[in-house]
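[1] coords please:
(one chain, ligands or ions: 1)
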Amino acid sequence: MSRSIRKLTGLVAATFTPLTAEGEINLSVIGPYIDYLVENQNVKSVFINGTTGEGCSLTVDERKQLAEAWCQHGKDKLEQVIVHVGCMSIKDSQELARHAASIGADGIAVISPSFFKPVNADALRLFIKEVSTFAPDLPMYYYHIPSMTGVAFDAADVLNGIEQLVPSFQGVKYSGTDLRDLGQCVRYSQSHNWSVLFGVDEQLLGALVLGVHGAVGSTYNYLGCIVNKMLAAFDNGNHVQTRALQFGFMEVITFAKNLGFDVSVNKQVMSEVSGLALGPPRLPLLPCPVSKAQVIAQKIKDFSQGNLI
Ligand SMILES: CC(=O)N[C@@H]([C@@H](O)[C@H](O)[C@H](O)CO)[C@@H](O)CC(=O)C(=O)O
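    As a prediction, this is how the structure comes out:
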């Protein structure tokens, strides 16, 4: 890697993909979306085309158009645009990596392919290497999300020695719940100055204690402001306030989960809270009834106004 690295830290919004009522990508929402994140949530980095963004349900061409729109509108407003390039076909991932480099993205990330799965960490490391060579100057992150990919071997095993294969490797987005493995990732990353970003929003405090450098998640789209307060309280050593904020956050997510909380519901909730017209999800996800999203959005607003703390 030749260019200087800006370490990825703090809150990163895993963005939703705006669609029209007809199910086409709606690029006109990206500009206002960025303004909302920066001005209302104080969230200045984004992770696009990931799980929340239904990346695996989009075509390669749609993913390119979205990446271009985020980079273009985010210029001078966002700190980092990380483009998720994971696909079932390595050729598609390579093409998306090459494209991300050509449009000035700040980094790329890959999940493991999940139809034909890598048999072990060595195979996954090779996959990551072969993608990274199409964007050798872009920071590369491994996106560990075993609940979605079914690829559950330790992320720490994937990291072990990867610096020799992937010079552009910069860290891991850890969307698993195994704190032992997460801790091993943080420990290994220390000597390489890599970033470990946590992706289970309702469990962030546990990950902060282990030393993660930031967090990537869907809820930072509409609760970024509150979680930024939690990060500040943690940095100031105010354990009582940090816990109160995490408990309030857990109460919101528990409430949402009890009503059925998936990407589809989450997307409609974001539309209700932000006023952005994000549209429906793409099949096989089914649209969420507006009334359900409104109940969750109200809970989020109560929390944001300090009513659950
Ligand atoms: C399975 C899932 O969607 N996990 C979310 C979380 O942010 C999740 O929505 C949150 O913790 C609420 O459970 C993120 O890890 C996903 C993510 O970062 C992404 O969209 O790439």
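[2] residues contacting Leu159?
    Listed by Cβ atoms under 8 Å, 6 or more residues apart in numbering, the contact partners of Leu159 are 142, 172, 185, 188-189, 194. Every C-beta, even on glycine, is put in place using the N, C-alpha and C of the backbone.
[3] which of the residues you listed sit farthest apart?
    Farthest-apart pair in the contacts of Leu159 is Tyr142 and Tyr188; separation 11.8 Å (Cβ to Cβ).
[4] among the contacts of Leu159, which ones are buried?
    The neighbour-count test (16 or more other Cβ atoms under 10 Å) marks 142, 172, 185, 188-189, 194 as buried among the contacts of Leu159.
[5] closest to Tyr220 among the residues you listed?
    Val172 (17.8 Å).
[6] show me the beta-bridge partners of Leu19.
    Beta bridges link Leu19 to Ile25, judged by DSSP bridges.
[7] that one reaches Ala277, doesn't it?
    No. Using Cβ atoms under 8 Å, Leu19 is not in contact with Ala277, being 9.5 Å away.
[8] neighbour count for these two, which is higher?
    More neighbours surround Leu19 than the other of Leu19 and Ala277, with 21 against 14 (other Cβ atoms under 10 Å).
[9] tell me who's in contact with that one.
    So Leu19 contacts 25-26, 278-282 (Cβ under 8 Å, 6+ apart).
[10] of the residues you listed, which are in range of the ligand?
    Counting by Cβ under 6 Å from any ligand atom, nothing from these sits close to the ligand.
[11] just send the residues you listed back as TSV, with neighbour count, pLDDT and secondary structure too.
    Listed next are these as TSV, based on neighbours: other Cβ atoms under 10 Å; pLDDT from 0 to 100; DSSP: H, G, I helix; E, B strand; the rest coil:
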residue	neighbour count	pLDDT	secondary structure
Ile25	21	98	strand
Asn26	19	98	coil
Leu278	22	98	coil
Gly279	22	98	coil
Pro280	18	98	coil
Pro281	23	98	coil
Arg282	18	98	coil
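[12] quick one: Met88 from Asn120, how far?
    To Asn120, Met88 is 19 Å away according to Cβ to Cβ, to the nearest Å.
[13] one more: Val38?
    41 Å.
[14] the two - which one has more neighbours?
    Val38 (16 against 12).
[15] is it correct that the more buried one is in contact with Lys77?
    Yes. Contact criterion Cβ under 8 Å: Val38 and Lys77 qualify, at 5.6 Å.
[16] point me to the residue of the stretch 1-150 of the chain nearest the ligand.
    Proximity of the stretch 1-150 of the chain to the ligand (Cβ to the nearest ligand atom) peaks at Gly50, 2.5 Å away.
[17] how far away from the center of its chain is the longest helix along the chain?
    Determined from DSSP state H, the single longest helix within the chain is helix 239-259. The chain centroid and the centroid of helix 239-259 are separated by 20 Å under Cα atoms, centre = their mean, to the nearest Å.
[18] still on that earlier bit, from the buried ones among the contacts of Leu159, which land in helices?
    Using DSSP H, the subset of these located in helices is 185, 188-189.
[19] so where is the stretch 201-309 of the chain shaky, pLDDT-wise?
    307-309 (pLDDT under 70).
[20] who's in contact with Val110?
    Contacts of Val110 by Cβ under 8 Å, 6+ apart are 84-86, 93, 127-128, 131, 140-143.
[21] most neighbours among the residues you listed, which one is it?
    Neighbour counts for the contacts of Val110 peak at Val85, which has 31 neighbours (criterion: other Cβ under 10 Å).
[22] surely that one and Arg98 touch.
    No. When contacts are counted by Cβ under 8 Å, Val85 is not listed as touching Arg98 (9.2 Å).
[23] how deep is His239 tucked in, by neighbour count?
    Neighbourhood size, His239 [other Cβ under 10 Å]: 12.
[24] what residues does the protein put near the ligand?
    Counting by Cβ under 6 Å from any ligand atom, the chain sits next to the ligand at 14, 47, 50-52, 147, 175, 199-202, 216-219, 253.
[25] I'd like to know which of these are buried.
    Buried among these by 16+ other Cβ under 10 Å: 14, 47, 50-52, 175, 199-202, 216-219, 253.
[26] from the contact counts, what lies against the strand or helix carrying Phe303?
    Assigned by DSSP states H and E, Phe303 belongs to helix 290-304. Applying 3 or more Cβ pairs under 8 Å, 6 or more residues apart in numbering; DSSP states H and E, we find helix 290-304 packed against helix 220-235, helix 239-259, helix 263-274.
[27] please identify the deepest-packed of those helices.
    helix 263-274 (a mean of 23; mean count of other Cβ atoms under 10 Å).
[28] common neighbours of Leu19 and Ala277, please.
    Asn26.
[29] got the CA coordinates for stretch 280-294 in CSV?
    Extracted C-alpha coordinates of stretch 280-294, given in CSV (Å, rounded to 0.1, in the frame of the first residue of the first chain):
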residue,chain,number,x,y,z
PRO,A,280,-39.4,-0.9,0.4
PRO,A,281,-36.9,-3.6,0.8
ARG,A,282,-36.1,-5.9,-2.1
LEU,A,283,-37.5,-9.4,-2.3
PRO,A,284,-37.2,-11.9,-0.7
LEU,A,285,-37.6,-9.3,2.2
LEU,A,286,-41.2,-8.2,2.6
PRO,A,287,-42.2,-4.7,3.2
CYS,A,288,-42.9,-3.8,6.9
PRO,A,289,-46.3,-2.4,7.9
VAL,A,290,-45.9,1.4,8.5
SER,A,291,-47.9,1.1,11.8
LYS,A,292,-45.4,-1.4,13.2
ALA,A,293,-42.4,0.8,12.3
GLN,A,294,-44.2,3.8,13.8
